[in-house]
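Engineer: need a structure here:
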Amino acid sequence: MYDSTTSTINNVDTIPVEISARHVHLSEQDAMALYGAPLTKVRELSQPGQFLCKERIRLIGPKGVIDNVAVLGPSRSSSQVEISKADARILGIKTPLRQSGDIEGTPGIILASQNNIVGLEEGVIIAARHIHMPSKDAQRFGVVDKDVVSVHLQGERALVLEEVLVRVNDDFALSMHIDIDEGNSVCWNKDTTGRIVARKQAF
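Structural biologist: Down below sits the predicted model:
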């Protein structure tokens, strides 16, 4: 088995960096309640099998609302809302930093469509920065699944982001995902790339 702890990090090759803007993943049950029909695919996203939906949604928090939020498919077993820290302040929700899918114990929110509302008891997160990569790229970069690395983002305002989780799966396409707050801090554009410069040592 490949072991990244004995390998040298590839700090030369670059990784495309994408913005993960605020969005919602819906369970099939919640999608039916909100829209009366399954989600409608508009276009594929960069990660295989993921797609943008025609449907849009309103987020209703204790202090504010955010309209016209994207819904991504396919449906999941549980609904999940991914927002930025700035969004959390607008909504008035104390939102934890989590990896996608890790929603236990997170705050809830009200979701509204033109036809109905659904109240979530949990599911609101700020998505932690991470890198998607297939196993061939993991070997090329000298990392394995669940490694935590530091990444130098190249651009007008270059910076190093730490605590970046590596997620390895052959269903993935190579890309690093950051949220809109992080993207603004580096003046992100479609040509922004990153280089892995260090791996966190296990103790």
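
Engineer: contacting residues for the closest residue in space to residue 148 that isn't next to it in sequence?
Structural biologist: Nearest in space to residue 148, with sequence neighbours left out and distances taken as CB to CB, 6 or more residues apart in numbering, is residue 200 at 4.1 Å. Every C-beta, even on glycine, is put in place using the N, C-alpha and C of the backbone. Contact analysis of residue 200 by CB atoms under 8 Å, 6 or more residues apart in numbering lists 147-150, 162-163.

Engineer: Which pLDDT value belongs to residue 200?
Structural biologist: At residue 200, the pLDDT value in this model is 89.

Engineer: got it, and residue 154?
Structural biologist: pLDDT at residue 154 comes out at 89.

Engineer: got it, and residue 3?
Structural biologist: pLDDT, read off for residue 3, is 61.

Engineer: next one: the one 3 residues further on
Structural biologist: Looking at residue 6, its pLDDT is 57.

Engineer: and the contacts of residue 200 as JSON lines, adding neighbour count?
Structural biologist: Output for those, formatted as JSON lines (neighbours: other CB atoms under 10 Å):
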{"residue": "147", "neighbour count": "22"}
{"residue": "148", "neighbour count": "16"}
{"residue": "149", "neighbour count": "24"}
{"residue": "150", "neighbour count": "18"}
{"residue": "162", "neighbour count": "12"}
{"residue": "163", "neighbour count": "13"}
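
Engineer: neighbouring contacts of whatever helix or strand residue 43 lives in?
Structural biologist: Using DSSP states H and E, residue 43 maps to strand 41-44. The set of residues external to strand 41-44 that reach it, using CB under 8 Å, 6+ apart, is 50-54, 73.

Engineer: hey, where'd the helices end up in this protein?
Structural biologist: For the chain, the helices defined by DSSP state H occupy 28-35, 85-91, 135-141, 180-185.

Engineer: so where's this protein shaky on pLDDT?
Structural biologist: Within the chain, the ranges that satisfy pLDDT under 70 run 1-6, 202-203.

Engineer: Show me what whichever strand in the chain runs longest is packed against.
Structural biologist: The longest strand of the chain (DSSP state E) is strand 65-76. Identification of packing neighbours for strand 65-76 by 3 or more CB pairs under 8 Å, 6 or more residues apart in numbering; DSSP states H and E yields strand 23-27, helix 28-35, strand 51-60, helix 85-91.

Engineer: at 10 Å what do you get?
Structural biologist: The helices and strands touching strand 65-76, judged by 3 or more CB pairs under 10 Å, 6 or more residues apart in numbering; DSSP states H and E, are strand 23-27, helix 28-35, strand 41-44, strand 51-60, strand 80-83, helix 85-91, strand 109-112.
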